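> I'd like to go over a predicted model; first the sequence, then the structure.
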Amino acid sequence: RSHDLPWVAMWILAFGMIVYAGVVVLLFWRRNIAGGVSAMGIGMAVATIFLFICILPELSFMRLSEQCGELLSAHRGPNPGTDVATLTARPHGGHEMGYKEPSLAYCLDGRLRVLDAKVLSEPTDRWPRWLVMTQEIWDGVPRSARSRLEPIGTLHGLNYSGGGRMTCVIIARTKTQPQR
């Protein structure tokens, strides 16, 4: 959704980079090597600082794992050891689908299992309490299994380990607490 992007900051950066490139080229063209190298270093440092302060914090779609972790923490309560799994699937031998970004495990204190979506065809007592899955996997869940899941949130963002595609992640709770 392009309306969520920090357009003003991105335009400032773009204009600043054009000015930066012009200054560097001009200094080298005048054979002022020390000035050109200094301008390159200072300009790149300023651009990097601006990027990290004004642009990257506004790109929430790049923090999908963090958002998943916050949503799970808000609903799980004070028990961080609650059983959480992310579901993957490989339909008809094709490429693997699902959200299994390693950074999600860090957001959950290392407590994350990766399971095949076929686990939803097993009895409910074998299901983890919390499931993280993509929209594609949710759409493939049979109605009988879906009726035993309670979606608590849908998040949109960048799936780094899924080919760098934008994806929709659904977090669901099993309606019955598994016996373990």
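Yep, it's here.
> next SSE after the helix or strand of the chain with the lowest mean pLDDT?
Lowest on mean pLDDT, DSSP states H and E among the helices and strands of the chain sits helix 102-107, with a mean of 75. Per DSSP states H and E, the first helix or strand lying C-terminal to helix 102-107 is strand 113-116.
> where does the prediction get shaky in the chain?
1-3, 77-82, 93-94, 162, 176-180 (pLDDT under 70).
> now the most centrally placed residue in it: closest residue in space, sequence neighbours ignored.
In the chain, the residue lying closest to the centroid (CA atoms, centre = their mean) is Leu64, at 2.7 Å. On the basis of CB to CB, 6 or more residues apart in numbering, the spatially nearest residue to Leu64 that is not a chain neighbour turns out to be Gly157, at 3.0 Å. (C-beta placed from N, C-alpha, C; glycine too.)
> list phi and psi for that neighbour.
phi -180, psi -170 (degrees, to the nearest 10).
> list the residues that contact the nearest residue to Ala172 once chain neighbours are set aside.
The shortest distance from Ala172 to any non-neighbouring residue, by CB to CB, 6+ apart, is to Leu149 (4.2 Å). Shown in contact with Leu149 (CB atoms under 8 Å, 6 or more residues apart in numbering): 131, 141, 172-175.
> backbone dihedrals for Leu149, both of them.
The phi/psi pair for Leu149 (degrees, to the nearest 10) is phi -120, psi 140.
> which residues does it form a beta bridge with?
For Leu149, the beta-bridge partners are Thr174 (DSSP bridges).
> now do the strands in the protein.
Using DSSP state E, the strands assigned to the chain run over residues 84-89, 97-98, 113-116, 130-134, 149-159, 165-174.
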